[in-house]
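A.B. asks: quick check, what structure comes out for this input:
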Amino acid sequence: MTYYTPARRDPKAPPIRINLLSDTQTRPTAGMREAMARAEVGDEQVGDDPSVNLLCDRVADLMGKEAAVFLPSGTMCNVTATLVYCRPGDEILAHVSAHIIAREGGTHAALGGFQITPLTGADGKFAPDTFRAALHPRTRYQPPQTLVSAEQTANIGGGTIWKKADLDEVVKIAKSEAKAGPLATHMDGARLLNATVASGIGARDMTAGWDSAWIDFSKGLGAPIGAALAGTRDFIDEVWRWKQRLGGSMRQAGICAAACTYALDHHVDRLAEDHANARALARGLSQIQGIEVQEPETNLVFFRPDGAGLTATDMVAALNKRGVQIAVMDGRIRACTHLDVTSAMIEEMLGHVREIVRKA
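C.D. replies: Numbering: from 1, shown residues only. This is a model prediction of the structure:
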C-alpha cells in the first residue's frame, strides 16, 4: 500500500466532465500554448532567460516591491521565504488553517526547524487583536518570534478575503508593537489576485507594508506551473540561495514564464467570471433542502450535505459517478470554479446534487 504516491484514476471510472476539484486543474488555453511556443528563452540559472526576467519585473512592479523571483510552486515560495527569515527554533505565527500549517507536509519544521504557532479566528483569518495577544517578550523560555504570515485568500476559511484594514493593522503590530523587536511579515498570495478582483483593491495596495508576498499562476490564472515571490532585493537575493539548494533553479524556464505573463495579460480580469459562477453555485445549493452553504467571496464554495442525510464523502462519491470531480476538505465539500468551468456546468452540477438528494 502506498501512502504518498498519488493514485492514478481508475480507467474504468466515468470520465470527468466537470472538474471542480481545484483551480489547479485548468489546462493551458490555445493562446497560452502559443505564447509558450514562441517564448524567448535562455539559462535562468545565470540570469540569461529574458522571459523569466520580464515576468519577475512585472510581478515586482505589480506588488510594488524591489524585486521578484520565479519559482516552480507556491509551496516553494512559502518555504524559501521562511528559510530566509527564520533560524532553527524560531517561531512563526499564522492562522491554524493556513497552508504552511495544514498543506505543506511539515516542511517548515523538517527543513528549517521552525515552530508555527496557530492563531484562531473565523473564516481562516485571525484578528489583529489575536495576533497582538500572542506576542511575548524575548526570554530564554520561549522561541524567538520572527515572522507572521497571512493567507490571501484564506483557502480553508472559504476563499475569504482579508480586509485591507486588518492587513495594515497586522503590519503595524508586527513592526511597532512586538515585545521582542519587529517581526517580518509574509503574505501567502496563492489566490491574491482573486482577492484584488473581488475587492477592487490593487495588488500593490493589498500588499503594501508586507515584507514579502507572492502570486500563484497555476491556480485561477490558469498557467501549468509557477509562482513568483516578491520583496526587497536583499531578500530575493537570499531566496535565490535557497532556490538553488532546493532544486528550484531552472534552465530554459522562459517557456513556463511566458505562460505566466500571458496569464497576467489575459486571465486576471476574467477571475470575476469564476466568482460569479461560485455565487450561482452557492445560490443553487442553498435552495436544496438539507444543504448548508457558506456564501462565497471569491471562487471557493464550501458546503455540507448532512442535513440531506448524506455525508460529504457520500456526496463526493455520488457526484464522481456522474462525472463531477470535487473534494472533501476540512470536513466539508469544496467546489472550486475556474476558467475551465462554465455556467452551464454549474447548472448541470446542481441538477446532479438535486437528484442525489432526492434519492438519499
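
A.B. asks: from now on I want contacts and neighbour counts done on CA atoms only, so please keep to that.
C.D. replies: Fine.

A.B. asks: tell me which helix or strand of the protein sits lowest on mean pLDDT?
C.D. replies: The weakest-scoring helix or strand in the chain, judged by mean pLDDT, DSSP states H and E, is strand 327-329 (a mean of 94).

A.B. asks: now the strands for the stretch 1-150 of the chain?
C.D. replies: Secondary structure of the stretch 1-150 of the chain by DSSP state E, counting those that start in this stretch: the strands cover 18-19, 67-71, 91-95, 115-119, 145-151.

A.B. asks: one step back: tell me what the least confident helix or strand of the chain is packed against?
C.D. replies: Applying 3 or more Cα pairs under 8 Å, 6 or more residues apart in numbering; DSSP states H and E, we find strand 327-329 packed against helix 312-321, strand 332-336.

A.B. asks: and the average pLDDT for the helix or strand following the first one is what?
C.D. replies: On the C-terminal side of helix 312-321, the closest following helix or strand by DSSP states H and E is strand 324-325. Predicted confidence along strand 324-325 averages 98 (mean pLDDT).

A.B. asks: adjacent strands (with direction) for strand 324-325?
C.D. replies: Strand 324-325 has the following sheet partners, assigned by DSSP bridges: strand 18-19 (parallel).

A.B. asks: most packed of the strands of the stretch 1-150 of the chain?
C.D. replies: strand 67-71 (a mean of 26; mean count of other Cα atoms under 10 Å).

A.B. asks: ok so, going back, CSV for the helices and strands packed on strand 327-329, including distance to Leu264, mean pLDDT and mean neighbour count?
C.D. replies: Converted to CSV, those look like this (distance: least, Cα to Cα, whole Å; pLDDT from 0 to 100; neighbours: other Cα atoms under 10 Å):
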stretch, distance to Leu264, mean pLDDT, mean neighbour count
helix 312-321, 33, 97, 18
strand 332-336, 20, 98, 23
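
A.B. asks: nearest to Ala150, of the ones you listed?
C.D. replies: strand 332-336 (20.8 Å; Cα to Cα).

A.B. asks: what pairs with that closest one, parallel or antiparallel?
C.D. replies: By DSSP bridges, strand 332-336 pairs with strand 300-304 (antiparallel), strand 327-329 (antiparallel).

A.B. asks: C-terminal to it, what's the next element?
C.D. replies: Following strand 332-336 in sequence order, the next helix or strand is helix 343-359 (DSSP H and E).

A.B. asks: now the helices for this structure?
C.D. replies: 30-37, 50-62, 74-85, 99-102, 107-112, 128-134, 164-176, 192-199, 203-206, 233-245, 254-266, 271-286, 312-321, 343-359 (DSSP state H).

A.B. asks: out of those, nearest to Ala223?
C.D. replies: Using Cα to Cα, those put helix 254-266 closest to Ala223, at 5.7 Å.

A.B. asks: would you put the C-alpha positions of that closest one in CSV?
C.D. replies: C-alpha atoms of helix 254-266 as CSV (Å, rounded to 0.1, in the frame of the first residue of the first chain):
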residue,chain,number,x,y,z
GLY,A,254,11.1,31.1,-20.1
ILE,A,255,8.7,28.6,-21.6
CYS,A,256,6.8,28.4,-18.3
ALA,A,257,7.3,32.1,-17.5
ALA,A,258,5.7,33.1,-20.9
ALA,A,259,2.6,31.2,-19.8
CYS,A,260,2.5,33.3,-16.6
THR,A,261,3.0,36.6,-18.4
TYR,A,262,0.2,35.6,-20.7
ALA,A,263,-2.0,34.9,-17.7
LEU,A,264,-1.3,38.4,-16.3
ASP,A,265,-2.3,39.9,-19.6
HIS,A,266,-5.4,37.8,-20.3
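
A.B. asks: show me what it is packed against.
C.D. replies: Secondary-structure packing of helix 254-266 (3+ Cα pairs under 8 Å, 6+ apart): helix 30-37, helix 50-62.

A.B. asks: could those helices go into a markdown table alongside mean pLDDT and distance to Pro137?
C.D. replies: Putting these into a markdown table (pLDDT from 0 to 100; distance: least, Cα to Cα, whole Å) gives the following:
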| stretch | mean pLDDT | distance to Pro137 |
| --- | --- | --- |
| helix 30-37 | 98 | 51 |
| helix 50-62 | 98 | 34 |
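
A.B. asks: deepest of the ones you listed, which one?
C.D. replies: helix 50-62 (a mean of 20).

A.B. asks: okay, now the unreliable bits of this protein?
C.D. replies: Regions of the chain meeting the criterion pLDDT under 70 are absent.

A.B. asks: recalculate using a threshold of 90.
C.D. replies: Counting by pLDDT under 90, the chain has low-confidence residues at 1-2, 7, 9-13, 178-180, 330, 360.

A.B. asks: find the centremost residue of it, please.
C.D. replies: The centre of the chain sits closest to Ala190, judged by Cα atoms, centre = their mean, with a distance of 2.6 Å.

A.B. asks: ok, it - contacts?
C.D. replies: 74, 151-153, 214-216, 219 (Cα atoms under 8 Å, 6 or more residues apart in numbering).

A.B. asks: want to throw the helices and strands packed on helix 254-266 into TSV with distance to His267?
C.D. replies: TSV is the format used below for these (distance: least, Cα to Cα, whole Å):
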stretch	distance to His267
helix 30-37	10
helix 50-62	15
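
A.B. asks: between these, which one is closest to Arg354.
C.D. replies: Of all those, helix 30-37 comes closest under Cα to Cα, at 34.7 Å.
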